[in-house]
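Participant: got a sequence here, can you model it:
(one chain, ligands or ions: 1)
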Amino acid sequence: MTNPVNKISIRHLDKHYGAGARRTQALHNINLDIAAGEFITLVGASGCGKSTLLRTLGGLEEYSIGSLACNGRPVDGPGPDRAMVFQSYSLYPWLTVMENIRFCRKLHFHRDNTTSADVEQASGRSDALLALMGLSHVKHAYPAELSGGMQQRVAIARALMVRPDVLLMDEPFGALDAQTREVMHDLMRYLYLLEKTTVVFVTHDVEEAIYLGQRVVVMAPRPGRIDSVFDVPFGPDRHQDLKLAPEFTELKRRILDRIRETSGMKTDLEQLKKLTEHQHGN
Ligand SMILES: Nc1ncnc2c1ncn2[C@@H]1O[C@H](COP(=O)(O)OP(=O)(O)OP(=O)(O)O)[C@@H](O)[C@H]1O
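Facilitator: Numbering: from 1, shown residues only. Purely as a prediction, here's the structure:
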């Protein structure tokens, strides 16, 4: 049974790639409810299925077993209720910033009966998003003329343009330098509180996961599964110095411990140590 207050309900979800000897069980028995307006972050060792889960939520991947619902409706493909932002900026290089932001909306209009009021409303929204993202002064620039941080702000503005119910973000700040990431974190928190969107955010950076999220979901590999879920005990008003607070560093340590424990790397290192000791013994 799906709970009506859940924006997303995932039940016993399994997903595999390939067949026969090449079959990989990417996700196994994923169960997760995400409430409307919640900010969930997904972390875990490489290959634990974070991107696969996000892409499945986006309707870009089919799943083998289980159920997945958004707003109580089964997810069977991409939809305007779920917008995605990827690590690579994925902007159209031949369109300006403004055109990139309005592009998806245009596609949407082609499908519906568009009125001039709709177009006006869309123009108002794109102008507002440009201002919010600090991009008004570059609205006629092309993506290649912008820094990585600016390009990613355009990608986020474009995703928000259609007022998605759910924003799915796959390591969106992974390619940015540390300082730009901090700026983006605060911008992301601000946008989230303003737009009240439900966000599912994949990252390798545990500090980023805690600073942004309300719950941090730790996934484990082989097969990809949910290992543990940590509640983030901080309110909506967050500032960079929160990262230095003892509760923050303690939570970070506990999450990192789980990731190390489940990644298998610890065991690999122990085996390597034993092997080296054995070789030195001979
Ligand atoms: N298109 C694909 N075809 C076959 N196997 C795939 C495909 N995409 C992912 N996999 C496999 O599925 C598993 C989960 O991969 P996924 O990329 O979802 O993990 P991830 O946690 O996002 O990894 P990373 O943190 O390294 O980005 C891995 O074993 C991966 O090799």
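Participant: neighbours around the residue in the stretch 101-250 of the chain positioned nearest to the ligand, how many?
Facilitator: In the stretch 101-250 of the chain, no residue comes nearer to the ligand than Gly224, which is 5.3 Å away by C-beta to the nearest ligand atom. Glycine gets a C-beta too; all of them are placed from N, C-alpha and C. As a burial measure, Gly224 scores 26 neighbours (other C-beta atoms under 10 Å).
Participant: got it, and Met161?
Facilitator: Each residue near Met161 was counted by other C-beta under 10 Å, and the total is 21.
Participant: I figured it was touching Ala128, is that so?
Facilitator: No: using C-beta atoms under 8 Å, Met161 is not in contact with Ala128; the gap is 10.1 Å.
Participant: who in the stretch 1-150 of the chain is up against the ligand?
Facilitator: Tyr17, Gly18, Thr24, Ala26, Gly44, Ser46, Gly47, Cys48, Gly49, Lys50, Ser51, Thr52 (C-beta under 6 Å from any ligand atom).
Participant: gap between the residue lying closest to the third one once chain neighbours are set aside and Arg254?
Facilitator: Okay, so that is Thr24. Once flanking residues are discounted, Thr24 sits nearest to Tyr17: 4.8 Å by C-beta to C-beta, 6 or more residues apart in numbering. Distance, Tyr17 to Arg254, by C-beta to C-beta, to the nearest Å: 31 Å.
Participant: now swap in Val202 and tell me
Facilitator: 20 Å.
Participant: equivalent analysis for Val216, please.
Facilitator: According to C-beta to C-beta, Val216 stands 10 Å off from Arg254.
Participant: any chance you could list residues touching both of these two?
Facilitator: Taking C-beta atoms under 8 Å, 6 or more residues apart in numbering as the criterion, Val216 and Arg254 both touch Phe230.
Participant: those two: which is more packed in?
Facilitator: Val216 (25 against 14).
Participant: element containing that one?
Facilitator: Assessed by DSSP states H and E, Val216 sits inside strand 215-220.
Participant: just the buried ones out of the residues of the stretch 1-150 of the chain next to the ligand, please.
Facilitator: Ala26, Gly44, Gly47, Cys48, Gly49, Lys50, Ser51, Thr52 (16 or more other C-beta atoms under 10 Å).
Participant: thank you kindly, that will do.
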